[in-house]
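sequence below, structure please.
(one chain, ligands or ions: 1)
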Amino acid sequence: MIELRELTKRYGDTTAVDRLSFEVRPGVVTGFLGPNGAGKSTTMRMMLGLHRPTSGAALIDGRRYAEIRHPLHEVGAVLDADAAHPGRSAFTHLAALARSNGIGKTRVTEVLDQVGLAGVAHKRVGGFSLGMRQRLGIAGALLGDPAVVLLDEPVNGLDAAGIRWIRSTLRSLAAQGRTVLLSSHLMSEMALTVDRVLIIGRGRLIEDTSVAEMRDRFERDVLVRTPRVAELTGVLTRLGATVTRTGDGDLIAVGVDAPAIGDAAAAASIPVHGLTPRSATLEDVYLEMTSEAAEYRASLTAEGR
Ligand SMILES: Nc1ncnc2c1ncn2[C@@H]1O[C@H](COP(=O)(O)OP(=O)(O)OP(=O)(O)O)[C@@H](O)[C@H]1O
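Residues are numbered from 1 along each chain as shown. Prediction:
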């Protein structure tokens with residue numbers, strides 16, 4: 001379990017993380033989402049004791065990272081797929097990591113097998129594809145059999161097979177009762193991988209919800225085509241709908257479903273030539289939630305800050 005309490009990080013005038021509080025629970029895959037510059041990497045680095053918070057705390061199973069005696073056994077992290085020296089083999093890289101944490105070579109063989117790299121264990125990492133380097137990173141994170149696994153942008157740049165592999169690996173880690181947190185700036189990458197989402201913008205928490213709840217919250221509307229626009233607008237408004245008009249003269253009704261619109265139009269003898277229920281995608285909902293933070297970021301970039 002990961003717990004953030006009013007976690008804050010300031011760099012001079014920039015508040016990268018702003019009084020962030022949330023919990024990441026075991027047994028589910030949690031996505032940590034936000035537009036570029038939202039503060040995801042800074043937050044993860046504070047969880048791992050790599051950055052010192054300005055105030056507040058990031059706790060792993062109730063303790064700050066610095067207080068954990070054998071960190072690799074409690075938290076495994078992949079912050080950068082290129083952390084391994086290109087001249088080393090996968091085995092040598094992991095064996096060095098294992099040795100410095102008092103872990104035996106048998107475990108190295110086990111994790112290489114677990115991530116599907118057993119066949120290339122003695123090949124140079126420099127010749128590995130991004131997908132293979134990502135697997136190696138995960139092998140390193142799993143060496144100490146930790147209860148908490150953190151991954152920063154693990155699917156960035158991966159092909160479809162690589163994404164599928166990460167997805168099923170993270171699901172099985174969560175099913176084993178581990179706490180799994182992965183960051184991304186793209187909802188589309190997360191939608192099929194995570195159960196819960198924590199969305200941040202400008203260092204603040206915007207949403208802490210499940211993907212299922214987010215799907216349910218889509219604002220559904222109905223596109224209505226009628227030759228008697230004004231009359232139908234009146235009928236639907238009286239039904240409680242919010243009605244707007246498209247550039248093509250169609251109506252967009254929010255707050256009533258298509259059958260209710262059809263019935264009301266029939267009762268008023270208004271012809272309806274088209275009735276199309278529409279729903280936003282998960283990506284649309286996410287972009288709307290984070291638009292203010294993304295625009296703020298764009299304005300800073302435009303000012304050259
Ligand atoms: N060492 C630093 N010094 C000054 N500002 C920093 C530093 N590290 C991060 N920042 C700023 O803090 C904010 C958050 O950055 P961070 O890298 O944590 O965001 P992110 O959500 O991980 O973004 P991305 O998706 O682009 O990786 C940004 O405004 C960034 O410019």
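
ok, the residue of the stretch 151-300 of the chain found nearest the ligand - contacts?
Closest contact between the stretch 151-300 of the chain and the ligand, by CB to the nearest ligand atom, is at His185 (4.4 Å). From N, CA and C alone the C-beta is placed, and that goes for glycine too. Shown in contact with His185 (CB atoms under 8 Å, 6 or more residues apart in numbering): 33-36, 38, 40, 153.

how does it look with 6 Å?
35-36 (CB atoms under 6 Å, 6 or more residues apart in numbering).

can you report how many residues lie near the closest residue to Arg25 other than its chain neighbours?
In this structure, Arg25 finds its nearest non-sequential neighbour in Met1, 6.0 Å apart by CB to CB, 6 or more residues apart in numbering. Met1 sits with 14 neighbouring residues when counted by other CB atoms under 10 Å.

and Met1, how far from the ligand?
Computed as CB to the nearest ligand atom, to the nearest Å, the Met1 to the ligand distance reads 22 Å.

before we move on, back to that, check what pLDDT the residue of the stretch 151-300 of the chain closest to the ligand gets.
The per-residue pLDDT reported for His185 equals 84.

show me where the stretch 51-200 of the chain has its strands.
Using DSSP state E, counting those that start in this stretch, the strands of the stretch 51-200 of the chain run over residues 55-60, 75-78, 148-151, 179-184, 196-201.

got those as JSON lines, with mean neighbour count columns?
Shown next, in JSON lines, are the strands of the stretch 51-200 of the chain (neighbours: other CB atoms under 10 Å):
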{"stretch": "strand 55-60", "mean neighbour count": "18"}
{"stretch": "strand 75-78", "mean neighbour count": "24"}
{"stretch": "strand 148-151", "mean neighbour count": "23"}
{"stretch": "strand 179-184", "mean neighbour count": "24"}
{"stretch": "strand 196-201", "mean neighbour count": "24"}
